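Novice: Sequence first, predicted coordinates after that:
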Amino acid sequence: MEHRTLTRLAAPALAVLVALSSGCTGATVQGRPGASGLRDPYFPRAGNGGYQADHYALDLEYDPAGGELHGTAVITARAEQGLSSFNLDLSGLKVEGVEVQGAGARFNRTGNELTVRPAKDLRKGEVFRTRVDYSGRPKALVDPDGSKEGWITAGGGDAVAVGEPVGSMGWFPGNHHPSDKAAYDITVTVPRGYEAVSNGELRSRRDVGGDRTAFAWRSAEPMASYLATVAVGKFEVTTGKTPSGVSVYQAVASSEKEAARGALARVPEMVEWGSTVFGPYPFGTAGSIVMPAGTLGYALETQTKPVYSGAPDEELVLHELAHQWFGDSVSPKSWKDMWLNEGFATYAEWLWAESHGGVSAQRRFEAFLAGDTSVDAQAGNDWAAFPPASPPGAGHISDDPVYYRGAMVLHRIRQEVGDAKFFDLLRGWAGDHRYGNASTADFTAYAERRTGVDLKRVWDVWLYGEGRPKAP
Ligand code: TRP
Ligand code: ZN
C-alpha cells in the first residue's frame with residue numbers, strides 16, 4: 001500500500017524532472033510511452049494503450065500466385081495521454097517505413113509489438129495520423145485452442161483474412177483489441193479475374209495498370225478489428241436488397257455454389273426477422289463470403305459479411321447473422337465476455353427454429369438439461385464444463401459452455417421475466433449498446449434494470465456457478 005502510494009507520487013515528479021532536464025519550460029510535460037497491451041484477462045498483450053483509433057485506411061495489393069502482400073495502413077487516432085511513443089500490433093511481415101503526421105518516425109519491433117516513436121511527442125487529445133508501409137507473405141497464426149486465423153490461403157490463389165481473437169495483427173498493423181472500434185476503408189488490388197471482397201459497401205471497382213482490379217470497400221459503422229476481413233478468389237457474386245433496403249452482397253467460391261444456394265437465399269428474410277426480434281439491423285449492408293470447404297474449419301461473423309468455410313446450412317447462416325447485433329454491433333469489452341457473443345447467437349438459432357416450425361426454446365433447454373440428442377444434436381456436449389462467464393483460459397473462449405450454457409442463461413432469464421420483458425430486454429440491449437462495447441457485468445446490471453426483476457440466482461447458478469445446474 002505504502003509502496004503504491006510512493007510510486008504514484010513519484011511518476012509525475014519524475015516527468016517534471018525529465019521535462020526540466022531536457023530543456024522544456026514551464027507547463028509542458030513530455031509524453032510518455034503508451035502501454036504495450038490492454039491487459040485483457042486472456043490476451044494481455046492484445047491492443048495498446050494511450051490512444052484510440054478512429055479510422056483505418058488499408059491499401060492492399062495481393063498477388064495470389066506468390067502470396068505476397070504489399071500494404072499501406074493509414075491509421076487516424078486520438079492520443080489519450082501525451083505520447084513519446086506508442087505501439088501497434090503486427091505479426092510477421094516487413095515494415096518498410098513509418099510516418100506520423102507526415103514526418104518519418106523511428107520504429108522497432110519485438111514479438112508482435114511495433115513500437116513507433118514520432119519525431120515530435122503527441123499531445124493528449126491530439127488527433128494524429130500514422131502511416132505504415134509493409135509487405136511480405138502474411139501467414140496463418142495458431143490460436144491457443146489450436147484453430148487457425150490471420151491470413152489463410154487455400155488452393156488456386158484463394159485467400160481469406162479472419163481475426164478472432166488476435167489474427168488481424170497477421171495482416172495489418174493496428175490496435176487489435178475489440179474495445180477499440182473504428183471505421184475502415186479497405187482497398188484491395190488483385191490480378192484481373194480475381195474478386196476481392198471485404199466488409200461493408202463496395203464503393204468502386206476499377207481496372208488499374210491494364211491487368212489488375214482495385215476493389216474499394218467502406219465500413220462506415222464502427223468495427224472491432226477482429227471482424228475485419230478480406231477474401232480473394234474467383235467468386236460468383238450475387239447482389240440484391242432486403243425488403244427494407246439493406247443491400248446484400250454474396251461471394252461464393254464456385255465449388256460451393258450449388259450447395260450454398262438454399263441457405264444464402266434466406267439471408268434477406270433473416271435480416272428482416274432479426275430486425276423485428278432484435279431491433280433494426282445495425283449495418284447498411286449484409287451478405288456472405290463462402291470459401292472452399294476445408295479453408296478454415298469454422299465460420300466467423302466478420303462484419304456485414306460472415307466468412308464460411310464451405311457451404312453453410314441455414315442454422316449457421318442465422319447464427320452468423322445474429323452476431324451482427326451481438327458481437328459486431330455490441331462488442332465484448334474483453335475476451336472474457338465471449339458468451340455475450342456466442343450465447344446470444346446460439347439463442348438466436350433457438351428463437352429462429354421456434355418461430356419457423358421447429359422445436360421451442362423451452363423444449364431445447366430441457367433437452368440440454370437431459371442430454372437428449374434426439375431434440376438437438378448438441379445436447380450431449382459438455383455444456384456444464386465451466387461457467388460461461390469465466391472460461392478456464394485463452395484456449396477455451398470458444399468452447400461449448402460459452403455457446404450452449406450461454407444460450408441457457410438467456411433462456412433462464414426468459415423463464416424468470418416472461419416473454420414480453422425478455423424480448424424487450426434483447427432489443428433494449430442491442431439498441432442501447434449499438435456500435436459500442438459491453439461486459440458481462442454491464443449485461444447483468446442492464447438486465448435487472450430493464451426488466452425490474454432480481455436475477456441474482458440465475459447469475460450465481462448459470463453464469464458464474466461451477467458444476468452442472470439442475471432443472472429450475
Ligand atoms: N465465432 C465463430 C462463430 O461462432 C466461431 C469461431 C471463430 C471459432 N474462431 C474460432 C471457433 C476458433 C473455434 C475456434 O461463429
Ligand atoms: Zn458464433
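Specialist: Thanks, I have it. Quantities reported herein were computed from a predicted structural model and do not represent experimental measurements. Ligands and ions are numbered 1, 2, ... in the order given.
Novice: Now for the residue of the stretch 1-150 of the chain found nearest ligand 1: which residues touch it?
Specialist: Proximity of the stretch 1-150 of the chain to ligand 1 (CB to the nearest ligand atom) peaks at S147, 3.7 Å away. From N, CA and C alone the C-beta is placed, and that goes for glycine too. S147 makes contacts with 296-298, 398, as judged by CB atoms under 8 Å, 6 or more residues apart in numbering.
Novice: Kindly report the residues of the protein close to ligand 2.
Specialist: Within the chain, the positions lying close to ligand 2 (CB under 5 Å from the ion) are 342, 345.
Novice: 8 Å - rerun?
Specialist: Within the chain, the positions near ligand 2 by CB under 8 Å from the ion are 299, 301, 319-320, 323, 327, 341-342, 345-346, 403.
Novice: Out of these, which comes closest to Y435?
Specialist: Distance ranking of these against Y435, using CB to CB, places G327 first at 12.4 Å.
Novice: So which residues of the stretch 301-450 of the chain form helices?
Specialist: 314-323, 339-354, 361-370, 400, 406-417, 419-432, 440-451 (DSSP state H, counting those that start in this stretch).
Novice: Return the angle between stretch directions for the first one and helix 339-354.
Specialist: Counting by axes from the mean of the first three to the mean of the last three CA atoms, to 10 degrees, helix 314-323 points 130 degrees away from the direction of helix 339-354.
Novice: pLDDT of helix 314-323, averaged?
Specialist: Mean per-residue pLDDT for helix 314-323: 98.
Novice: For that helix, name the packing helices and strands.
Specialist: Other elements packing on helix 314-323 under the criterion 3 or more CB pairs under 8 Å, 6 or more residues apart in numbering; DSSP states H and E are helix 257-264, helix 267-278, strand 285-291, strand 307-309, helix 339-354.
Novice: Columns mean pLDDT and mean neighbour count on top of the ones you listed, output as TSV?
Specialist: TSV is the format used below for those (pLDDT from 0 to 100; neighbours: other CB atoms under 10 Å):
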stretch	mean pLDDT	mean neighbour count
helix 257-264	98	16
helix 267-278	98	18
strand 285-291	98	26
strand 307-309	98	25
helix 339-354	99	24
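Novice: Using JSON lines, lay out those together with distance to ligand 1.
Specialist: Shown next, in JSON lines, are the helices and strands packed on helix 314-323 (distance: least, CB to the nearest ligand atom, whole Å):
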{"stretch": "helix 257-264", "distance to ligand 1": "14"}
{"stretch": "helix 267-278", "distance to ligand 1": "15"}
{"stretch": "strand 285-291", "distance to ligand 1": "13"}
{"stretch": "strand 307-309", "distance to ligand 1": "9"}
{"stretch": "helix 339-354", "distance to ligand 1": "6"}
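Novice: Quick one: closest of the ones you listed to P33.
Specialist: If you check each of the helices and strands packed on helix 314-323 against P33 by CB to CB, helix 339-354 wins as the nearest, at 31.9 Å.
Novice: chain center to the closest one, what's the gap?
Specialist: Chain-centre distance of helix 339-354: 17 Å, with CA atoms, centre = their mean, to the nearest Å.
Novice: cool, and stretch 427-435?
Specialist: Computed by CA atoms, centre = their mean, the chain-centroid distance of stretch 427-435 equals 17 Å.
Novice: for stretch 74-94, same thing?
Specialist: 19 Å.
Novice: repeat for stretch 70-90
Specialist: Offset of stretch 70-90 from its chain centre (CA atoms, centre = their mean): 19 Å.
Novice: Check which residues of it are buried.
Specialist: Within stretch 70-90, the residues scored as buried using 16 or more other CB atoms under 10 Å are 70-73, 75, 77, 79-90.
Novice: just checking, which of these belong to helices?
Specialist: The helices in this structure, assigned by DSSP state H, contain none of those.
Novice: K124 touches G82, doesn't it?
Specialist: Yes. At 5.2 Å, K124 counts as touching G82 under the criterion of CB atoms under 8 Å.
Novice: Measure how buried whichever residue of the stretch 151-300 of the chain sits closest to ligand 2 is and give me the count.
Specialist: When scored by CB to the ion, the stretch 151-300 of the chain has A299 as its residue closest to ligand 2, at 7.6 Å. When counting by other CB atoms under 10 Å, one arrives at 22 neighbours for A299.
Novice: what's the answer for the one 3 residues further on, then?
Specialist: The tally of other residues near T302 (other CB under 10 Å) stands at 29.
Novice: again with D59
Specialist: Neighbours around D59, by other CB under 10 Å: 17.
Novice: how close does V232 get to ligand 1?
Specialist: 20 Å (CB to the nearest ligand atom, to the nearest Å).
Novice: And A216, by the same measure?
Specialist: Taking CB to the nearest ligand atom, one finds A216 at 27 Å from ligand 1.
Novice: Does that residue touch T187 like I think?
Specialist: Yes. Assessed by CB under 8 Å, A216 is found in contact with T187 at 4.5 Å.
Novice: which residue does the stretch 301-450 of the chain bring closest to ligand 2?
Specialist: Per CB to the ion, A345 is where the stretch 301-450 of the chain lies closest to ligand 2, at 4.3 Å.
Novice: Contacts only, for that residue.
Specialist: A345 sits in contact with 301, 319-320, 322-323, 326-327, 403, where contact means CB under 8 Å, 6+ apart.
Novice: ok, now with 7 Å
Specialist: 319, 322-323, 326-327 (CB atoms under 7 Å, 6 or more residues apart in numbering).
Novice: from the residues you listed, which would you call buried?
Specialist: The buried subset of the contacts of A345 - by 16+ other CB under 10 Å - is 319, 322-323, 326-327.
Novice: ok, and which of those residues reach ligand 1?
Specialist: Contacts with ligand 1 within those, counted by CB under 6 Å from any ligand atom: H319.
Novice: Find the nearest non-adjacent residue to the residue of the stretch 151-300 of the chain closest to ligand 2, please.
Specialist: Of all residues not flanking A299 in the chain, Y308 sits nearest, at 4.8 Å (CB to CB, 6 or more residues apart in numbering).
Novice: Show me what that neighbour is bridged to.
Specialist: On the basis of DSSP bridges, Y308 is bridged to V290.
Novice: Would you quantify the distance from the residue nearest to L463 when sequence neighbours are not counted to M338?
Specialist: With CB to CB, 6+ apart as the criterion, L463 has its nearest non-adjacent residue at 4.7 Å, and that residue is A389. As judged by CB to CB, to the nearest Å, A389 and M338 stand 9 Å apart.
Novice: neighbours of the nearest residue to Y446 once chain neighbours are set aside, just the number please.
Specialist: Nearest residue to Y446, sequence neighbours excluded (CB to CB, 6+ apart): W429, at 6.2 Å. W429: 23 surrounding residues under other CB under 10 Å.
Novice: hang on, W429 packs against T444?
Specialist: No. Under the criterion of CB atoms under 7 Å, W429 makes no contact with T444, lying 11.3 Å away.
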